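> attaching a predicted model along with its sequence, questions to come.
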Amino acid sequence: MSQIFHEYEPRFKKPRIEDKAYLNCIRQCDCLTCGVGGRSEAAHIRYPDLNFDKFATGMQEKPDDMWTLPLCAYCHRTGKNAQHNQNERKFWQHHNINPVALAVKLYALNFNVGEMQSLINKTRLLGGNL
């Protein structure tokens, strides 16, 4: 009986890119969905969008920190219709926001909180259509 050996390279996950400075900027912005001011939470966008090279993450795994948007605690975690309490795609569709496209635009503003807040305000005023 012969033995068959398969050579393979193990697949390793790409390490998650954490950016505490960027998350701090996101948390300084008003809530994207309700507009409440003060300290927002950095809401990670979990679903993939290959149009923006955003790949799926595994269960209980956060995506890179660039894929975040500012939400107050109520809109993010604690409210009845919060992002964490429903299908994430439906949450963003309800608010007429393409979260991945907006996250790319926010990250491109290079930590300029004033510009980030301006973009968030425009997104809310235009009903998410940028």
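Received it, and whenever you're ready, just let me know what you need. Since the structure is predicted, the reported quantities are computational estimates derived from the model, not experimental observations. Numbering: from 1, shown residues only.
> longest helix in the protein, by residue count?
helix 113-125 (DSSP state H).
> any weak-confidence spans in this structure?
1-13, 128-130 (pLDDT under 70).
> how far is the longest helix of the chain from where the chain is centred?
16 Å (CA atoms, centre = their mean, to the nearest Å).
> ok, stretch 55-65 next?
10 Å.
> end to end, how far does it reach?
Using CA to CA, to the nearest Å, the end-to-end distance of stretch 55-65 comes out at 13 Å.
> for residue 49, give me its contacts.
Taking CB atoms under 8 Å, 6 or more residues apart in numbering as the contact definition, residue 49 lies against residue 100. Heads up, the C-betas are built off the backbone N, CA and C, glycines and all.
> for residue 88, same thing?
Per CB under 8 Å, 6+ apart, neighbours of residue 88: 45-47.
> most neighbours, which of those?
Counting neighbours by other CB atoms under 10 Å, residue 45 leads the contacts of residue 88 with 23 neighbours.
> thinking again about what came up before, closest one of the contacts of residue 88 to residue 110?
residue 45 (19.6 Å; CB to CB).
> you'd agree that closest one is up against residue 103?
Yes: the pair residue 45 / residue 103 is scored as a contact, 6.0 Å apart, by CB atoms under 8 Å.
> which residues are in contact with both of those two?
67-69.
> what segments of the protein are strands?
With DSSP state E, the ranges of strands along the chain come out as 41-44, 68-71.
> tell me which of these sits most buried.
Scoring the strands of the chain by mean neighbour count under mean count of other CB atoms under 10 Å gives strand 68-71 as the most buried, with a mean of 26.
> what lines up beside that strand in the sheet?
strand 41-44 (antiparallel) (DSSP bridges).
> got the strands of the chain as a markdown table, with distance to residue 77 columns?
Below are the strands of the chain laid out as a markdown table (distance: least, CB to CB, whole Å):
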| stretch | distance to residue 77 |
| --- | --- |
| strand 41-44 | 7 |
| strand 68-71 | 8 |
